[in-house]
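> Generate coordinates for the sequence data below:
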Amino acid sequence: MRNVPKAIIILWMTIWIILLPHGLVLAATDQIQQPEAITGWEVKWGNANDQGFISEVMGEDEIWEKQSADRGTIRSLDRTKQHAGSLWTRLKLPTLQDESSAIRFENIKGTHIVIYLEARKIYENYHYNYDNNAVFLPLSVENSGDTLYIWSQNEKGWLGIQGAVEIGPYAMLQEKYIHNGLIDVILGATFVFTSLIMVSCTFFLGQFHKGLWISLCVVMGSIGVMVITYSQFLYTFYQVYGDLYSLLFDLSMLLGMPALCYFFEQIIGPGVYGIFTKLRKIQWAYSTVAVLSLFIYVITGGQWDGLYNLFVQHVVGVVLVILLTILLVGTIAKALQRNREAILLASGFGTFSLISVLELLWYYQRNGTYHLFWWKWSMVAFVISLIAILGSRFAEKHNKVLQYSKELELFNNELQRSEKMEIISELAASVAHEVRNPLQVTRGFLQLMTEQEDNKNKGYVRIALEELDRASGIITDFLTFAKPEFDHIVSLNISNEFDHIEGILVPMANLEGGKITTDIPPNLHIRGNSSKFKQAFINIIKNSIEALQGGQGQIDIWAYSQEGKVKVHVRDNGEGMSEEALSRLGEPYFSNKIKGTGLGMMVTFRIVEAMNGQISFTSTKGVGTEAVVSFPEFIE
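Just a heads-up that it's a prediction; the model follows:
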């Protein structure tokens, strides 16, 4: 042992420790008794007057008929004897090996069930409209070989055992028994809880899809109540409220059907010939009459049950099949039009309605012996599609609100700008003419004084004349802004106009060490005033020239036609502007230049606007600025 590495010893010990418990578990598993299926019993038909007393059948052996199971599923009972009204079932218990044993019946048909172990009553339910009963009974070793008597009564005619019958360990059968019914309760409670949460949010919606939201809450709540009250779990553990479960199931179904029609009408529309609108009205009328008959049935203690049996017990299934079929066809037709909401609705509702219709048809084909199961799970897909549709509508409305907010912000900015422009326009119109006249007179006298002054004073007079000319230019800008309408509107050839503009501004660009290149096709025409057009682009290009840096300045001008618009681009590689400066471009008295007034760009915006054009700027600090001006194209 000393020569064996410690690692090998540790490895073998680890493997032994790991495998030993598994060996014990496997051995223990082999010793656990598995549930045993009971595949045969005996039946004895009774009549509608039987009360289910054990004394009626104890000791009678010659009148019992044998029944057997087929591939684990119990055969249907003889339909020729259903008029009997009641049925006794007798089965003998096998030898029990576990002290804690039990027997589980998957389904016993009947509205009234009584079970005896030998002569001792061990189980009884009450009269319900619900005739499916899952039964779980505890047993002990002492019950080995005893006889179990089951009495069932059903006005609908279907009686006796259906589904599996198992006997074995109590714990294993109890888990299976509770599991089968409890899942339904959890699923239904999830729907109900979700609908209650949604209802609590209704107060915060205002009129925003309120009707659609409430109808979805009603549909989900109705589905949840139907799933819960259809579960065998409640009828087994809380039998005393069986009549209430049945009434709640009927009521939730009757309320959910018109809410479902309303939801579909809101999503898909009235449909061809208003079929969905008509269907909703018909469904409301039917549900109203059915609920009224249900109310009469309750307050009379079941004595006035004629209308209830007609509208709720017999007709509702047919109405539901017709309703689901029409809604399914209409939804598919709308989905074929590539409507996104209809596609979502068709996928979820198609799954639900197809399964529900098939199950209902199978239920009626089996004369009520089939236990509806898959419809509640198909509802999950349906409810998910409804929530997805409503969620998409809320998302769409949210996006619209964001879009409207952005548009409102732009509108407010434009409104503020328009108010500023209006104030300046009124001010310019009232003052410009009055100021220009004295300026012209003053300039004339200064020119006369120049001839009489000495060289020293001539410099001051020259400066005064330049400032007067600058003031006159500002007044001219004011007048242009105040009166943007043009007296002479003609067809302008963009190429010819830029030939004149280029001739004026190229020398100025050369002095700044820059270069101007143009690429203007000869066949672009717009309508406008030639002098105002030139004034607008001279202002834009002059700003680009003044923004050039060093001797490598470049200004590119090009134009083209696109979707009925003539677009002109002016791009430079100057110093650029910040986002704040770019947002304020065109405001009066805002300028990046030391002696700038901002009126030049203000006038440019006004001219472009008066010519039904649009202007936009993009700029990057240290990279350059690009202006895009578009006008409606004029085709001669």
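> what's the burial count for Gly513?
By the criterion of other C-beta atoms under 10 Å, Gly513 has 13 neighbours. Bear in mind the C-beta positions are built from the backbone N, C-alpha and C, glycine included.
> Please read the previous query as pertaining to Lys567.
Lys567 has 18 nearby residues by other C-beta under 10 Å.
> Show me what it is bridged to.
Tyr560, Ser630 (DSSP bridges).
> how much space between it and Leu294?
In this view, Lys567 and Leu294 are 71 Å apart by C-beta to C-beta, to the nearest Å.
> Let's test this: name the helix or strand in this structure with the lowest mean pLDDT.
Lowest by mean pLDDT, DSSP states H and E among the helices and strands of the chain is strand 73-74, with a mean of 34.
> any idea which helix or strand comes after that one?
Tracing the chain C-terminally past strand 73-74 and defining elements by DSSP states H and E, one meets strand 86-92 next.
> what packs against that next one?
Judged by 3 or more C-beta pairs under 8 Å, 6 or more residues apart in numbering; DSSP states H and E, strand 86-92 is in contact with strand 40-45, strand 147-153, strand 160-169.
> residues in contact with it?
Contacts with strand 86-92, where a contact means C-beta atoms under 8 Å, 6 or more residues apart in numbering, come from 38, 40-48, 50, 52, 56-57, 64, 67, 77, 110, 145-154, 159-161, 165.
> Over to stretch 300-307?
Val289, Leu292, Ser293, Ile296, Tyr297.
> which ones are touching the last one?
Residues counted as contacts of Tyr297 (C-beta under 8 Å, 6+ apart) are Trp304, Asp305, Leu307, Tyr308.
> Show the pLDDT at the closest residue to the last one other than its chain neighbours.
Spatial nearest neighbour of Tyr308, chain neighbours left out: Tyr297 (3.8 Å); criterion: C-beta to C-beta, 6 or more residues apart in numbering. We note a pLDDT of 84 for Tyr297 in this prediction.
> and the contacts of Tyr297, which are buried?
Tyr308 (16 or more other C-beta atoms under 10 Å).
> And the contacts of Tyr297, which is closest to Met198?
Set against Met198, the nearest of those by C-beta to C-beta is Tyr308 (31.2 Å).
> quick check: domain ranges of this protein?
1-31, 36-179, 484-632 (automatic domain parsing).
> now the second one, how far from the chain's geometric center?
Going back to what we said before, that points to domain 36-179. With C-alpha atoms, centre = their mean, to the nearest Å as the basis, domain 36-179 stands 49 Å off its chain's centre.
> In the stretch 301-450 of the chain, where is pLDDT below threshold?
Filtered on pLDDT under 70, the stretch 301-450 of the chain yields the residue ranges 364, 366-372, 417-418, 420-422, 424-437, 445, 450.
> now the strands: where do they sit in it?
Taking DSSP state E, counting those that start in this stretch, the stretch 301-450 of the chain contains no strands at all.
> Phe263: which element?
Counting by DSSP H and E, Phe263 is part of helix 242-268.
> Just list what that helix packs against, helices and strands only.
Counting by 3+ C-beta pairs under 8 Å, 6+ apart, helix 242-268 packs on helix 210-229, helix 232-237, helix 275-299, helix 315-335, helix 340-365.
> Pull out the buried positions in it.
Quick answer for helix 242-268 (16+ other C-beta under 10 Å): 242, 245-268.
> still on that earlier bit, reformat the domains of the chain as TSV; add distance to Ala471.
As requested, these are exported to TSV (distance: least, C-beta to C-beta, whole Å):
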stretch	distance to Ala471
domain 1-31	100
domain 36-179	95
domain 484-632	11
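> so which of the ones you listed comes closest to Gln365?
Using C-beta to C-beta, those put domain 36-179 closest to Gln365, at 11.7 Å.
> and the closest one, how far apart are its ends?
19 Å (C-alpha to C-alpha, to the nearest Å).
> And stretch 269-281, by the same measure?
End-to-end for stretch 269-281, by C-alpha to C-alpha: 14 Å.
> List the buried residues of that stretch.
Quick answer for stretch 269-281 (16+ other C-beta under 10 Å): Gly271, Phe276, Leu279, Arg280.
> Which element, helix or strand, includes the closest residue to Asp572 other than its chain neighbours?
On the basis of C-beta to C-beta, 6+ apart, the spatially nearest residue to Asp572 that is not a chain neighbour turns out to be Ser544, at 3.9 Å. If you go by DSSP H and E, Ser544 is part of helix 530-546.
> how far out from the middle of the chain is that helix?
Averaging C-alpha positions (C-alpha atoms, centre = their mean) puts helix 530-546 52 Å from its chain's average.
> can you check stretch 242-254 too?
31 Å.
> average pLDDT for it?
So the average pLDDT for stretch 242-254 ends up being 85.
> Use 812 as the first number from now on
All right, first residue 812 from here; so that's stretch 1053-1065.
> circling back: of the domains of the chain, which is nearest Ser1164?
domain 847-990 (23.2 Å).
> hang on, the earlier thing: minimum distance to Lys1145: which of the domains of the chain has it?
Nearest of the domains of the chain (C-beta to C-beta): domain 1295-1443, 33.9 Å.
> Could you report the distance from the closest residue to Ile1166 other than its chain neighbours to Met1031?
Using C-beta to C-beta, 6+ apart and skipping residues adjacent in sequence, the residue nearest Ile1166 is Ser1189, 4.1 Å away. Separation of Ser1189 from Met1031 (C-beta to C-beta): 14 Å.
> Neighbour count: the two, which is higher?
Met1031 (26 against 20).
> how about that one, what does it touch?
Phe1002, Val1003, Thr1005, Ser1006, Met1009, Val1194, Leu1197.
> Arrange those in CSV, one row each, with neighbour count and secondary structure as further columns.
Formatted as CSV, these follow (neighbours: other C-beta atoms under 10 Å; DSSP: H, G, I helix; E, B strand; the rest coil):
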residue, neighbour count, secondary structure
Phe1002, 23, helix
Val1003, 18, helix
Thr1005, 17, helix
Ser1006, 21, helix
Met1009, 18, helix
Val1194, 21, helix
Leu1197, 23, helix
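> what two of those are the furthest from one another?
The farthest-apart pair in those, when distances are taken by C-beta to C-beta, is Val1003 and Leu1197, at 15.2 Å.
> Determine the angle, from 0 to 180 degrees, between the strand or helix carrying Gln985 and strand 971-980.
Assigned by DSSP H and E, Gln985 belongs to helix 981-1012. Angle of helix 981-1012 versus strand 971-980, following axes from the mean of the first three to the mean of the last three C-alpha atoms, to 10 degrees, is 120 degrees.
> got any ranges where the stretch 962-1111 of the chain has weak pLDDT?
Those would be 967-968, 991, 1016-1020, 1047, 1050, if you go by pLDDT under 70 across the stretch 962-1111 of the chain.
> one more time with 80
In the predicted model, the stretch 962-1111 of the chain carries pLDDT under 80 at residues 966-969, 974, 986-995, 1012-1024, 1041-1054, 1078-1079, 1082-1083.
> looking only at pLDDT, what's the mean for stretch 1312-1326?
For stretch 1312-1326, the per-residue pLDDT averages 84.
> List only those of the contacts of strand 897-903 flagged as buried.
For those, buried by 16+ other C-beta under 10 Å: 849, 852-857, 861, 863, 868, 878, 888, 921, 959-965, 970-972, 976.
> hang on, the earlier thing: which one of the contacts of stretch 1111-1118 sits closest to Val1129?
For the contacts of stretch 1111-1118, the nearest to Val1129 is Val1100 (14.8 Å; C-beta to C-beta).
> Provide a list of residues in contact with Ala1101.
So Ala1101 contacts Asp1061, Leu1065, Phe1122, Val1123, Val1127 (C-beta under 8 Å, 6+ apart).
> biggest separation within these, which pair?
So, the contacts of Ala1101 by C-beta to C-beta: farthest apart are Asp1061 and Phe1122, at 9.7 Å.
> what's the distance between the nearest residue to Leu1135 once chain neighbours are set aside and Met1068?
Excluding the flanking residues, the one nearest Leu1135 by C-beta to C-beta, 6+ apart is Ser1164, at 4.0 Å. Note on Ser1164: its distance to Met1068, by C-beta to C-beta, is 13 Å.
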